[in-house]
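# what shape does this take:
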Amino acid sequence: MIGLVDGNNFYVSCERIFDLTLENKPVAILSNNDGCVISRSYEFKALNIPMGAPYFKLRDHKNIIMRSSNYELYGDISRRLIATLHEFTPDVEQYSIDEAFIHINRPLGGDYSELGKQIRQTVLQWVGIPCGIGFAQSKTLAKIANHIAKKESSGVFVMPDDKQSVLDELHVSEVWGVGKRLAPKLETLGIRTAWQLAIADEVFLKKRFNVTLAKTARELRGESIIEHDDPEVLSQSISCSRSFGKPVINFSELTEAVAHYIARATVKLRKEKQRAAGINVYFQYFPEYKPYKLDGGITSTTIAFETPTSSTSKIISAVTPKLQGIFIKGRRYKKAGVIFFGLESQKNHSVDLFANNQNDEKTDRLSEAVDIINLKFGKGTVFNLAEGIKKPWAMKREMLSPNYTTNWQQLPKVK
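You can find the predicted model right below:
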């Protein structure tokens, strides 16, 4: 069975962990450079202020609370959420900063509803984040189950064996991977509900649309087959990780691996014409048994960039100085990985009028040139030597909350 765990109004919930005065208040989180609303509390939604509303239209509103994006905090809380899920299953697949698929096999007739409640309560107690959990036979169905779970008082929903009763009530545009782009085309063909898509002819869907939509239909029928890497759908997070061919103990090798994974992930970032606000980096090490027993584990860090970027050299430059802080000398490392978060389209990217944008454009063109060369002559033909220059400007965040969990100088004080 596959479960999807999704933090409710994640950015707002992160802020509420350390600031209880925000509870039951209309709270919104702003995008980079305090541009527009990107996360809303339920109370804020009740005011009918839409997602994406620009801040300059809301700044004089007296009954709402605004906060700047604190990606250092959100990234760290996200890592804690994922670590908590690992207490229930080793198979955790992070989908975005606030979502993760969990793969769990219980005995026949096992109570997934009770398990979901237990996971939800543990996450709330250990991390402080309320979440919804949906269980189903496939990722696509788990997405739907999660959507329903958030409306349930228990916060948990298990997709029944008879899926038709649920999918008949769901418009096709609500299906993961369909959205508003494909829905009108499907409606003209008489496919208006998720169930109608599930029973549609697979050969017809492949011929008229693509293989991905045909796989989505099979997933709606309960087949777990799809790995969502649709180039037409913008990612909510982008990651790259690999297990090493042999145990690694040398710090310089780890930094080289991280630089390589960043280079691989930024290619996809630029391909989707997106920029990232920050990155999670982690090392995973082996358990040891001689001369004495040591548990295996993961060590990680979260880094927020001074301004959103897709430049390989700038990201490597920002990450490399932080890696020594998560390196444990003497341990044998089996894996490393990077996860970009806070993604935004380059079209909607906020521009700082006082920044050296010309220099930023040069680094973008350099990265794009490297992509073109490697596409033509093969991956790795041109590669970055992990050197870069810091940006001379800082991201505008006038309503930034403290970095409660990642900065010693900003730890919360108990009085």
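# quick one: contacts for residue 122?
For residue 122, the contact set (CB atoms under 8 Å, 6 or more residues apart in numbering) comprises 84, 87, 88. Any C-beta I mention is one placed from the backbone N, CA and C, and that applies to glycine too.
# what about it, which SS state?
Assigned with DSSP: H, G, I helix; E, B strand; the rest coil, residue 122 falls in the helix class.
# now it: how far from residue 12?
Using CB to CB, to the nearest Å, we find residue 122 at a distance of 21 Å from residue 12.
# same question, residue 268
Counting by CB to CB - residue 268 and residue 12 are separated by 28 Å.
# so between the two, which is more surrounded?
Using other CB atoms under 10 Å, the more surrounded residue of residue 268 and residue 12 is residue 12, with 23 against 17.
# just the pLDDT for residue 377.
On pLDDT, residue 377 comes in at 62.
# where does the stretch 201-350 of the chain dip in pLDDT?
Scanning the stretch 201-350 of the chain with the threshold set as pLDDT under 70 gives 226-236, 346-350.
# how does this protein divide into domains?
1-159, 165-220, 238-402 (automatic domain parsing).
# now residue 172: how far from residue 179?
Counting by CB to CB, the gap from residue 172 to residue 179 is 9 Å.
# could you do residue 48 as well?
23 Å.
# more neighbours: which of the two?
Neighbours were counted for residue 48 and for residue 179 using other CB under 10 Å; residue 179 has more, 13 against 6.
# excluding its backbone neighbours, what's nearest the more buried one?
Sequence neighbours aside, residue 173 is the residue nearest to residue 179 in space, at 6.1 Å (criterion: CB to CB, 6 or more residues apart in numbering).
# kindly report the same for residue 91.
residue 103 (4.0 Å).
# need the contact list for the one you found.
1, 2, 3, 89, 91, 92, 93.
# could you tell me which of these count as buried?
The neighbour-count test (16 or more other CB atoms under 10 Å) marks 1, 2, 3, 92, 93 as buried among the contacts of residue 103.
# what bridges to the third one?
Beta-bridge pairing for residue 3 (DSSP bridges): residue 102, residue 135.
# so for this structure, which residue is the most central one in space?
By CA atoms, centre = their mean, the chain has its centre lying nearest to residue 96, at 1.7 Å.
# which phi and psi does that one have?
Per-residue torsions, residue 96: phi -150, psi -180 (degrees, to the nearest 10).
# use 40 as the first number from now on
Yes, from this point I'll number from 40; that puts the last item at residue 135.
# wait, it sits on residue 379?
No: Residue 135 is beyond contact range of residue 379, at 10.4 Å (criterion: CB atoms under 8 Å).
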